[in-house]
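>>> Predicted structure and sequence below. I'll ask about it afterward.
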Amino acid sequence: MATEAAARPRVLWTPAHRTTTAAILLVVTLIAFENMGVATAMPTMVSALHGQALYSWPFTAFLVASVVATVLSGRLGDRRGPAPALVLGPALFLGGLLVAGFAHDMALLLLGRVLQGLGSGVLLVAVSLLIALVFTDRERPVIYAANAAAWVLPAVVGPSVAGVVTERIGWRWVFLGLTPLVLLGLGLLVTVIRRLDRHVPGGDRQRRASVVAAVAAAAGVAALTWAAQHPSGLALGYGAAGLAALAFALRRLLPPGTLTARPGLPTVVASRALIGGAFAGMEAYLPLTMSTVHGYSPAAAGLPLTVTALGWSAGSAVQGRYPDWSREASLRLGFALVAAGLAIFAFVSQPWFPGWAAFAACAIGGAGMGIAMPAISVLLLRFSPEAERGFNTSAMQLGDWVGSALTVGFGGVLLGVLASARHPSAAIAVLGAVLAAIALTGVRVTGRWPSRV
């Protein structure tokens, strides 16, 4: 153990890596702050712009734009490398902050959210490709651990800071206050880009995402999300249409064999969808459970999710300290911990079970996510030909979003059929059991790999 710890590379702040590390961590932190802060300020900004009837649209617009941008950024990355996207992403994100910050009606706010979604989607893929170019396979767990840590501070203080800014200064500064830091991040990225080798395309045989399929995927995810938020007979119809659009898109946007979890790259992409979807289902309905079943205040009901962020960062930090761990075994361990957390969540849904156990569920599940997600990213790059890294990275992210949309939508259906938002215990118990079964499926499909110790 001591030998392994001593062999840990000084990765992040070496002369060769420090500018890249600073740029990546800054832009990740800014995206995280924006994500956490907007949810807090949304009631105020929507009320100020007289758009209460469109309350969920700023979130939906961001999601749809992110899906399209992620797919197209993967295509751009395979053709021209990450450099163009590393400039385009922050520029779009900055434009979105300015448009939303100066918006005088809901139309402009929605346009700003679309630009922010485009920028975030472009950056997600470009940062992954940059990591692949700059860091070796053995070094990547360390930078992924740092990325997880960059989400912790926004998760812990982001909502509170956004609330204070909204009350004391104004909701517009939730957007405008980030603009100087985005400019700084863009400047750092330009410095990094100048050091990159010239990209050589992989040729005509590389896989490229279809623009039509990207739009169909975005429309499908949006339809499922909207149907989950507004359950009705009509929602069932366009939710089904959304599933059909997704089925069309996924055949073209995922590696062959993903839906059957074929060992290798397809299992890696499928794992991201399984674990991301399972955990998102708990995150979506845990605050409702804590407030309605156990009587927690709105502020206290969200505290377990803060524990999730801390557990996630801790799990990621542990795996980053041991770069020689088997990533296949790490992924299985992550799935097992997430399954345990989700099983506890199912019990927490019942009024006779102690509410404080939700904190344990989030700590265990968050640690599992922190161990599993870097393993997925490392394995994806390990299994991907260099010419197809962009396609596969966008496929992985798309799988995460689709899995999350399906599980959150399924929870909405269960609430409508088995229970209600005021008395959700029966529906949440079924949801928790299904989510735990999904995580156990991940344990099983990743068990087909031989472990490398």
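Now that the structure is in, tell me what you want to look at.

>>> Quick check: buried residues in the helix or strand where F391 lies?
Using DSSP states H and E, F391 falls within helix 389-418. Judged by neighbour count (16 or more other Cβ atoms under 10 Å), helix 389-418 contains these buried residues: 389-416, 418. (C-beta placed from N, C-alpha, C; glycine too.)

>>> In contact with L30, which residues?
Residues in contact with L30 (Cβ atoms under 8 Å, 6 or more residues apart in numbering) are 93, 178, 181-182, 185.

>>> Need the pLDDT of it.
If you check L30, the pLDDT there is 88.

>>> any low-confidence regions in the stretch 251-400 of the chain?
Within the stretch 251-400 of the chain, the set of residues satisfying pLDDT under 70 comprises 298-299.

>>> give me that answer again for 90
251-254, 256-257, 259-263, 280-281, 283-292, 296-310, 313, 319-325, 385-391, 397-400 (pLDDT under 90).

>>> Now do the helices in it.
With DSSP state H, counting those that start in this stretch, the ranges of helices along the stretch 251-400 of the chain come out as 265-292, 298-301, 303-321, 327-348, 357-383, 389-418.

>>> still on that earlier bit, how about the contacts of L30, which pair is most distant?
Spatial extent of these (Cβ to Cβ) is set by the pair F93 and L181 at 10.9 Å.

>>> Can you give me the buried ones in the helix or strand containing V114?
For V114, the host element (DSSP H and E) is helix 106-134. Neighbour counts over helix 106-134 (16+ other Cβ under 10 Å) mark 106, 109-134 as buried.

>>> mean confidence score for it?
For helix 106-134, the per-residue pLDDT averages 92.

>>> That one packs against which elements?
helix 18-48, helix 57-80, helix 83-101, helix 140-168, helix 357-383, helix 389-418 (3 or more Cβ pairs under 8 Å, 6 or more residues apart in numbering; DSSP states H and E).

>>> So which of the helices of the stretch 251-400 of the chain is nearest T446?
Using Cβ to Cβ, the helices of the stretch 251-400 of the chain put helix 327-348 closest to T446, at 4.7 Å.

>>> what packs against that closest one?
Other elements packing on helix 327-348 under the criterion 3+ Cβ pairs under 8 Å, 6+ apart are helix 265-292, helix 303-321, helix 357-383, helix 425-446.

>>> Now render these as a markdown table, adding mean neighbour count and distance to G233.
Formatted as a markdown table, the helices and strands packed on helix 327-348 follow (neighbours: other Cβ atoms under 10 Å; distance: least, Cβ to Cβ, whole Å):
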| stretch | mean neighbour count | distance to G233 |
| --- | --- | --- |
| helix 265-292 | 24 | 23 |
| helix 303-321 | 22 | 32 |
| helix 357-383 | 24 | 33 |
| helix 425-446 | 21 | 19 |
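
>>> Let's have those in a markdown table, adding distance to V161.
Shown next, in a markdown table, are the helices and strands packed on helix 327-348 (distance: least, Cβ to Cβ, whole Å):
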| stretch | distance to V161 |
| --- | --- |
| helix 265-292 | 19 |
| helix 303-321 | 14 |
| helix 357-383 | 21 |
| helix 425-446 | 30 |
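
>>> Select, out of the ones you listed, the one closest to F59.
It is, among those and with distance given as Cβ to Cβ, helix 265-292, at 12.0 Å.

>>> and the angle from that closest one to helix 327-348?
20 degrees (axes from the mean of the first three to the mean of the last three Cα atoms, to 10 degrees).

>>> And for stretch 258-276, what's in contact with it?
250, 254-257, 331, 334-335, 338, 368-369, 372-373, 376, 379-380, 383-384, 392, 395-397, 399-404, 438-439, 441-442, 445-446, 448-449.

>>> if we go to 6 Å?
255, 257, 338, 372, 376, 379-380, 383, 395-396, 399-400, 403-404, 438, 442, 445, 448 (Cβ atoms under 6 Å, 6 or more residues apart in numbering).

>>> likewise stretch 426-436?
278, 281, 285, 289, 339, 342-343, 345-346, 349, 411, 414-415, 418-419.

>>> now, among those, which is nearest to R140?
The closest of the contacts of stretch 426-436, once distances to R140 are taken by Cβ to Cβ, is A278, at 24.0 Å.

>>> measure the closest residue to L94 other than its chain neighbours to R172 for me?
Among residues not flanking L94 along the chain, V182 sits closest, at 4.7 Å (Cβ to Cβ, 6 or more residues apart in numbering). From V182 across to R172, the span is 16 Å (Cβ to Cβ, to the nearest Å).
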